[in-house]
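Q: Following is a predicted model, sequence given first.
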Amino acid sequence: MLLNDFIEQSLDTTGPVFADEALALEVLAIMQKGGHECAPVLHDGKITAMVTIPDLLTLEQIHKTEAMRLSDLKLEKAESIGLHEHLFDIFSRIRIFSTHLIPVSKEDGSYVGVLEKEIFFKHIAALFHLGEGGITLELEVPSFDLKLSEVIAALEKNDATVLSFGIYPAAPEGEGMVIAFRLQTHDLFRLVKNLEKYGYLIRYTSPLFNEKDDEMREKALEFIRFMDM
């Protein structure tokens, strides 16, 4: 799946959608029957709000008139994302959506469906290989002489495959940078020891050994100590 097609291909159009003139208590009955926690509210075909079960239960509990419509509830105005926007371009805006559904619109603002937050975050996690099958390695490097090609070459020289990486400052007041890698390698212990020999400062690494490898670990450390003598 291409990232710029992700939203369109993950679009959900099966859930209920209500016009803002819909009767609030009727909307509550429909949502409760279908087990829906929230639903888009439209005005002239464009997203205006997301109505939730708590919004409507409060209405029912205080015995509001049956003629009250969604437009009378003063729901918080909802934003939307574009149908053909890229995942990276919308990531910083995900926090503004308070429900688990994100409204999606065309360029002209007309509503087309919703995107589930869980699907969005799962795809981001898969894209950067944050699940099983990868290990994490953080290296601290000087920012003024940072050459990513050299760092990646050193990793690949030691039979490691770079799956993804990110960069952040080592400290607010410092000049160094930390590169956080997700890697695949058959021998993380050897990779770490060789990187240290190259002069790289390792800030963090996934566990080098499992509990079942304790005996192997002790033998490896003993060998390293012998080589350093």
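A: Alright, I've got the coordinates. Computed from a prediction, not measured in an experiment: that's the story for all the values here.
Q: Name whatever forms a beta bridge with Arg69.
A: Leu23 (DSSP bridges).
Q: I should have written Thr205 there, sorry.
A: Here Thr205, judged by DSSP bridges, has bridge partners Leu137.
Q: so it touches Ala180, yeah?
A: No. Using CB atoms under 8 Å, Thr205 makes no contact with Ala180, being 10.7 Å away. Any C-beta I mention is one placed from the backbone N, CA and C, and that applies to glycine too.
Q: Show me the common contact partners of those two, please.
A: 136-138 (CB atoms under 8 Å, 6 or more residues apart in numbering).
Q: got a winner among those residues for most neighbours?
A: Of all those, the highest neighbour tally under other CB atoms under 10 Å goes to Leu137, namely 25 neighbours.
Q: what's it in contact with, if anything?
A: Counting by CB under 8 Å, 6+ apart, Leu137 has contacts 180-181, 183, 191-192, 202, 204-206.
Q: now those as JSON lines including neighbour count and pLDDT?
A: Output for the contacts of Leu137, formatted as JSON lines (neighbours: other CB atoms under 10 Å; pLDDT from 0 to 100):
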{"residue": "Ala180", "neighbour count": "16", "pLDDT": "97"}
{"residue": "Phe181", "neighbour count": "20", "pLDDT": "97"}
{"residue": "Leu183", "neighbour count": "22", "pLDDT": "96"}
{"residue": "Leu191", "neighbour count": "23", "pLDDT": "95"}
{"residue": "Val192", "neighbour count": "17", "pLDDT": "95"}
{"residue": "Ile202", "neighbour count": "14", "pLDDT": "94"}
{"residue": "Tyr204", "neighbour count": "11", "pLDDT": "94"}
{"residue": "Thr205", "neighbour count": "18", "pLDDT": "94"}
{"residue": "Ser206", "neighbour count": "11", "pLDDT": "92"}
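Q: closest to Ser105 among the residues you listed?
A: Among the contacts of Leu137, Ala180 lies closest to Ser105 (CB to CB), at 34.4 Å.
Q: right, and that closest one touches Glu140 too?
A: No. With contact defined as CB under 8 Å, Ala180 does not count as touching Glu140 (10.5 Å).
Q: Quick check: the gap between the residue most central in space within the chain and Ile102.
A: The centroid of the chain falls nearest to Phe121 when counting by CA atoms, centre = their mean (3.6 Å). Distance of Phe121 to Ile102, given as CB to CB, to the nearest Å: 11 Å.
Q: How about Leu195?
A: For Leu195, the distance to Ile102 (CB to CB) stands at 40 Å.
Q: Comparing those two, which residue is more hemmed in?
A: Ile102 (25 against 20).
Q: The more buried one against Arg95, yeah?
A: No. Assessed by CB under 8 Å, Ile102 is found out of contact with Arg95, at 11.1 Å.
Q: So which bits of stretch 68-81 are buried?
A: Within stretch 68-81, the residues that qualify as buried are 69-71, 73, 75, 78, 80-81, counting by 16 or more other CB atoms under 10 Å.
Q: Which of those fall in strands?
A: Applying DSSP state E to those, the entries found in strands are Ile81.
Q: okay, the buried residues of stretch 68-81 in a markdown table with distance to Gly113 and pLDDT next?
A: Compiled in a markdown table, these are given as follows (distance: CB to CB, whole Å; pLDDT from 0 to 100):
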| residue | distance to Gly113 | pLDDT |
| --- | --- | --- |
| Arg69 | 23 | 93 |
| Leu70 | 19 | 94 |
| Ser71 | 22 | 94 |
| Leu73 | 23 | 90 |
| Leu75 | 19 | 92 |
| Ala78 | 14 | 95 |
| Ser80 | 10 | 96 |
| Ile81 | 11 | 96 |
